[in-house]
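Trainee: build me a model:
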Amino acid sequence: MSKTEWNLGLAQRKPLPGLNNLEALREDIQETLHKHPQLDLLVYPEMHLQDVFAYPPDEHRQHMLNWATPLDGDLVRALGQLAHEFKIWLIPGSINESHQGKLYNTELLIAPSGHLQAAYRKMFPWRPHEPHDYGREFITSTIMHPSQVSDSAAAGQDQSSLTLGLSNCYDTWFPEHSRHLSWLGAQAIINIVKTTSDDRQQELILAQANAISNQIYFFSVNCAEPLGRGGSIAVDPEGKILAQAAGGEETLLVQYSQEVLDRVRQEGTCGTNRIWHQFTAQDPPIALPMYSGQINPATWAPSVQGAHS
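Mentor: From the prediction side, this is the model:
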């Protein structure tokens with residue numbers, strides 16, 4: 001396999017029983033990799049380890065506050081040990097994070113070395129149902145292919161790297177979010193989800209729309225029935241569905257190809273639309289009054305410098 005291709009496992013699962021059930025997570029990772037040893041990155045749904053739906057709705061906020069942990073705490077270290085044990089990139093879903101008196105819904109990206117590569121605080125909590133404070137930073141992170149990673153290796157930008165944009169559930173309803181991640185250099189967006197409502201069908205359309213409008217891979221991983229609506233989906237940069245789950249537990253096996261992404265962006269979607277080549281550097285800026293900002297044609301291009309770990 002070319003180092004410009006990555007094998008991803010999108011693990012549509014029920015939330016794990018209990019709080020921070022690391023042993024159950026370890027068993028699932030082990031079983032999944034036994035069936036699919038080729039996986040380079042394994043992704044679980046939003047709040048996979050911390051499910052409040054086993055409790056009455058009026059208790060949800062208090063449980064989230066009680067469970068909240070800092071990023072340098074024991075839970076994140078233990079998740080790092082799992083990634084290191086199995087030598088894979090791991091997104092174990094998100095956790096309730098406590099930071100400076102605030103409560104965040106934070107998606108984690110953990111390296112095969114075991115270190116926390118990136119943490120993304122959900123920017124658009126599903127209000128009024130979710131009590132979390134909103135994050136204010138778009139997170140992209142460049143990761144190295146596991147075949148090139150050692151315990152001391154740092155992620156870099158070369159032929160075996162992949163820049164991920166982190167996205168959490170309701171974020172996908174806001175096109176600015178996927179646009180900005182793409183502009184920052186993301187080549188694939190990982191959208192973890194815990195959709196328990198009846199709007200999953202709309203989210204599947206949004207997954208395709210975000211992929212098409214940004215010429216990017218879009219991977220959306222929802223939790224399984226009976227709590228969730230399932231329907232995890234993988235979409236390529238032209239909006240083609242690579243794989244889609246039904247409602248129950250399953251692992252979608254999908255592949256990221258740098259060659260495909262490069263072709264779509266250079267030749268255009270269906271050989272026509274080249275959205276990242278829309279402007280010349282001489283074109284005047286377009287004002288965006290709603291955001292008190294502008295599109296600057298001189299900088300209208302996905303940035304290879306935008307990713308940070």
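Trainee: all helices of the stretch 51-200 of the chain, in order?
Mentor: 60-67, 74-86, 175-183, 200-214 (DSSP state H, counting those that start in this stretch).
Trainee: let me have those in CSV, extended by mean pLDDT and distance to E238.
Mentor: Yep, even glycine has a C-beta here, placed from its N, CA and C like the rest. As requested, the helices of the stretch 51-200 of the chain are exported to CSV (pLDDT from 0 to 100; distance: least, Cβ to Cβ, whole Å):
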stretch, mean pLDDT, distance to E238
helix 60-67, 94, 39
helix 74-86, 98, 32
helix 175-183, 97, 14
helix 200-214, 98, 7
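Trainee: nearest to G239, out of those?
Mentor: Closest approach to G239 among these (Cβ to Cβ): helix 200-214, 4.0 Å.
Trainee: packing partners for the closest one?
Mentor: When contacts are defined as 3 or more Cβ pairs under 8 Å, 6 or more residues apart in numbering; DSSP states H and E, helix 200-214 packs onto helix 175-183, strand 217-221, strand 233-235.
Trainee: out of the ones you listed, the one nearest P284 is which?
Mentor: Checking the helices and strands packed on helix 200-214 against P284 by Cβ to Cβ gives helix 175-183 as the closest, at 18.9 Å.
Trainee: in that closest one, what's buried?
Mentor: 177-178, 180-183 (16 or more other Cβ atoms under 10 Å).
Trainee: could you do stretch 8-27 as well?
Mentor: The neighbour-count check on stretch 8-27 (16+ other Cβ under 10 Å) flags 8-16, 20-21, 25-26 as buried.
Trainee: sorry, back to before: which one of the helices of the stretch 51-200 of the chain lies closest to P302?
Mentor: P302 sits nearest to helix 175-183 of all those, at 6.0 Å, using Cβ to Cβ.
Trainee: okay, now the residue lying closest to E137 once chain neighbours are set aside: neighbour count?
Mentor: Residue nearest to E137 in three dimensions, not counting chain neighbours: R121, with 7.0 Å by Cβ to Cβ, 6 or more residues apart in numbering. Residues near R121, counting by other Cβ atoms under 10 Å, number 23.
Trainee: try A298
Mentor: Residues near A298, counting by other Cβ under 10 Å: 11.
Trainee: low-confidence regions, the stretch 151-300 of the chain specifically.
Mentor: For the stretch 151-300 of the chain, the stretches with pLDDT under 70 are 151-159.
Trainee: mind listing the strands for it?
Mentor: Remark: strands assigned in the stretch 151-300 of the chain by DSSP state E, counting those that start in this stretch are 161-168, 188-192, 217-221, 233-235, 241-244, 250-257, 286-288, 293-295.
Trainee: most tightly packed of those?
Mentor: Neighbour counts (mean count of other Cβ atoms under 10 Å) averaged over each of the strands of the stretch 151-300 of the chain peak at strand 217-221, with a mean of 29.
Trainee: can the buried residues of helix 175-183 go into TSV with extra columns for distance to A298?
Mentor: Shown next, in TSV, are those (distance: Cβ to Cβ, whole Å):
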residue	distance to A298
H177	23
S178	22
H180	17
L181	20
S182	18
W183	13
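Trainee: out of the residues you listed, who's nearest I190?
Mentor: Comparing every one of the buried residues of helix 175-183 with I190 (Cβ to Cβ), the shortest separation belongs to L181, at 9.9 Å.
Trainee: related to what we said a few turns ago, so which of the strands of the stretch 151-300 of the chain is nearest S303?
Mentor: Per Cβ to Cβ, nearest to S303 of those: strand 161-168, 9.5 Å.
Trainee: okay, angle between the closest one and strand 217-221 too, please.
Mentor: Taking axes from the mean of the first three to the mean of the last three Cα atoms, to 10 degrees, one finds that strand 161-168 is oriented at 50 degrees with respect to strand 217-221.
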